[in-house]
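Peer 1: below are the sequence and a predicted model for it; my questions follow.
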Amino acid sequence: MNVLVLGAGGREHALAWKIAQSPLLGQLFIAPGNAGTEQLGHNINLRIDDFEAIAIFVRQKNITVLIVGPEDPLVKGLSDFMKSQDDFGKLVIVGPSQNGALLEGSKEFAKKFMIRHHIPTAGYASFTTDNIKSGKDFLNSLSPPYVLKADGLAAGKGVLIIDELNEAEDELEAMLNGKFGEASKKVVIEKFLSGIELSVFVITDGKNYHLLPEAKDYKRIGEGDTGLNTGGMGAISPVPFANSEFMKKVVDRIVEPTIKGLQQDKIDYQGFIFFGLIKVKDDPFVIEYNVRMGDPESEVVIPRIQSDLLDLFQAMGTEEFVKKSVEFKNEAATTVMLVSGGYPESYEKGKLISGLNDVKDSILFHAGSRMNDGQVLTNGGRVIAITSLHESWKKALDQSYYSAQLLDFEGVYYRKDIGFDL
Ligand code: AMP
Ligand code: GLY
């Protein structure tokens, strides 16, 4: 079976790493990939928004499983485009239809979906320039902090949490006037929920699903969860507070109603669902849906999966899918992200990464790297995720930190306090 993975980050390296271990694999291609994926398969110079070029490649290489890493091409309709090709009847696409991708691509769509299917989430209302005044009235009816979300995709920057009412009113106006371009022409205002966050993942064929290990991500750049939001600075799986009682609530109140909701709404969905959750007292609420795996959550979730993911993907869309099971390893996994100095604001690329061969007891998932004349250079804000596995998550974390100090590049930074709140 030949497989194509789309994307270039740590998530895609982790997916490729897992797929490369499957006895079912023929050839593995990653587009565009990074210096890490290059060691597992063939990096291909394809743009992930060039659907025609991807289709030509799928045909040429007889790809049977196409795994879409990031949300962007899904929101733009990649899955529908591939399904519309007459000769792709047997192609398995891991990633939902454009309609399904709206769960991530439109905050309002996701909110309406949750309300319709009685899935616990924060109360909300949405506004456009036509009703700014009502938006301000709505803000006045809430207590601080105020949560303002651009409806559309805004590269992870579209959510503002503001303490002062005046400032929230000004930001509402700025957003509606294009602060995040088209994405904030509509703004969702939500009630603030106070609690601790976690991420839960499933793989689904739209009717049945398999639960994957859960994870906790550390989004802020600074220690103690301070400073700017990033794509994620580290992660841990399992999540100590996600005990079986809590996870039962997650499954009963959130996962199952979501899968049933997809069917009721006739949404074609095949792929991952990432539930961004918050635990308020003892109860889970949905903060957001994502229609892909998380990054860096993948770098802890995927190494904890014992079962063959390719076998599972192959079964999607057939009667076999429901009969499969996903076994987890007993070990905990931690990952620590090395980032470029300056990230998440401006940073430099092209710095030589040293020490890669000295790391023995961790797995290095490349997030932003490229090969140049046999040397590995930085090529992004997030550079390398250092994953370790151990019976105890604290020991796994010690191992990730031990490995971290073996690696170096100019300006390297990482958080030293992953797991501090557990
Ligand atoms: P989102 O892009 O919707 O995941 O929002 C980004 C981050 O903002 C989340 O990870 C939360 O930390 C925070 N957030 C979003 N919505 C809420 C809410 N209703 N209450 C509290 N925090 C929130
Ligand atoms: N780490 C959060 C995300 O992938 O959206």
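Peer 2: Happy to help now that I have it. Ligands and ions are numbered 1, 2, ... in the order given.
Peer 1: anything in the host helix or strand of Ile386 near ligand 2?
Peer 2: Per DSSP states H and E: Ile386 is located in strand 382-390. No: Strand 382-390 does not reach ligand 2 (Cβ under 6 Å from any ligand atom); its nearest approach is 10.1 Å. No exception for glycine: its C-beta is placed from N, CA and C like everyone else's.
Peer 1: partners of that strand, with directions?
Peer 2: Next to strand 382-390 in the sheet, as set by DSSP bridges, lie strand 332-339 (antiparallel), strand 363-366 (antiparallel).
Peer 1: mind checking what secondary structure the residue most central in space within the chain has?
Peer 2: Centroid-nearest residue in the chain, with Cα atoms, centre = their mean: Gly294, separated by 2.0 Å. Following DSSP: H, G, I helix; E, B strand; the rest coil, the label given to Gly294 is coil.
Peer 1: next one: Arg370
Peer 2: At Arg370 the chain is in strand, as set by three-state DSSP.
Peer 1: my guess is it meets Gly380, correct?
Peer 2: No: using Cβ atoms under 8 Å, Arg370 makes no contact with Gly380, being 9.1 Å away.
Peer 1: list the residues that contact Asp417.
Peer 2: Residues in contact with Asp417 (Cβ atoms under 8 Å, 6 or more residues apart in numbering) are 223-224.
Peer 1: distance of it relative to ligand 2?
Peer 2: According to Cβ to the nearest ligand atom, to the nearest Å, Asp417 and ligand 2 sit 17 Å apart.
Peer 1: I'd say Asn379 and Asn372 touch.
Peer 2: No: with contacts counted by Cβ under 8 Å, Asn379 stays clear of Asn372, the gap being 9.3 Å.
Peer 1: phi and psi next, for the nearest residue to Pro70 once chain neighbours are set aside.
Peer 2: Nearest residue to Pro70, sequence neighbours excluded (Cβ to Cβ, 6 or more residues apart in numbering): Gly7, at 5.2 Å. With angles defined as degrees, to the nearest 10, Gly7 sits at phi 140, psi 180.
Peer 1: Gly7: how many residues sit nearby?
Peer 2: Neighbour count for Gly7, taken as other Cβ atoms under 10 Å: 26.
Peer 1: contacts only, for it.
Peer 2: Counting by Cβ under 8 Å, 6+ apart, Gly7 touches 30-31, 48, 68-70.
Peer 1: coming back round to it: more crowded one of Asn379 and Asn372?
Peer 2: Asn379 (21 against 12).
Peer 1: pLDDT wise, what is the more buried one at?
Peer 2: For Asn379, the pLDDT comes out at 97.
Peer 1: got a list of what it touches?
Peer 2: Listed by Cβ under 8 Å, 6+ apart, the contact partners of Asn379 are 34-35, 349-350, 368-370.
Peer 1: for those, which one is nearest ligand 2?
Peer 2: Distances from ligand 2 to the contacts of Asn379, taken as Cβ to the nearest ligand atom, are shortest for Gly368 (14.5 Å).
Peer 1: rewinding a little: nearest to ligand 1, of the contacts of Gly7?
Peer 2: Of all those, ligand 1 sits closest to Pro70, with 14.8 Å by Cβ to the nearest ligand atom.
Peer 1: tell me the confidence at the closest one?
Peer 2: For Pro70, the model assigns a pLDDT of 97.
Peer 1: my read: it touches Ile48, true?
Peer 2: Yes: with contact defined as Cβ under 8 Å, Pro70 and Ile48 form a contacting pair (7.1 Å).
Peer 1: any shared contact partners between those two?
Peer 2: Listed contacts common to Pro70 and Ile48 are 6-7; contacts here mean Cβ under 8 Å, 6+ apart.
Peer 1: what's opposite the residue nearest to Pro70 in the beta bridge?
Peer 2: Gly7 forms beta bridges with Pro32, as assigned by DSSP bridges.
Peer 1: tell me which element the residue of the chain most remote from its centre falls in.
Peer 2: Note on the chain: the largest C-alpha distance from the chain mean falls to Lys133, namely 34.9 Å (Cα atoms, centre = their mean). Counting by DSSP H and E, the secondary-structure element that holds Lys133 is helix 132-141.
Peer 1: all helices of the stretch 201-350 of the chain, in order?
Peer 2: Ranges of helices in the stretch 201-350 of the chain, per DSSP state H, counting those that start in this stretch, are 244-250, 256-264, 298-301, 309-315.
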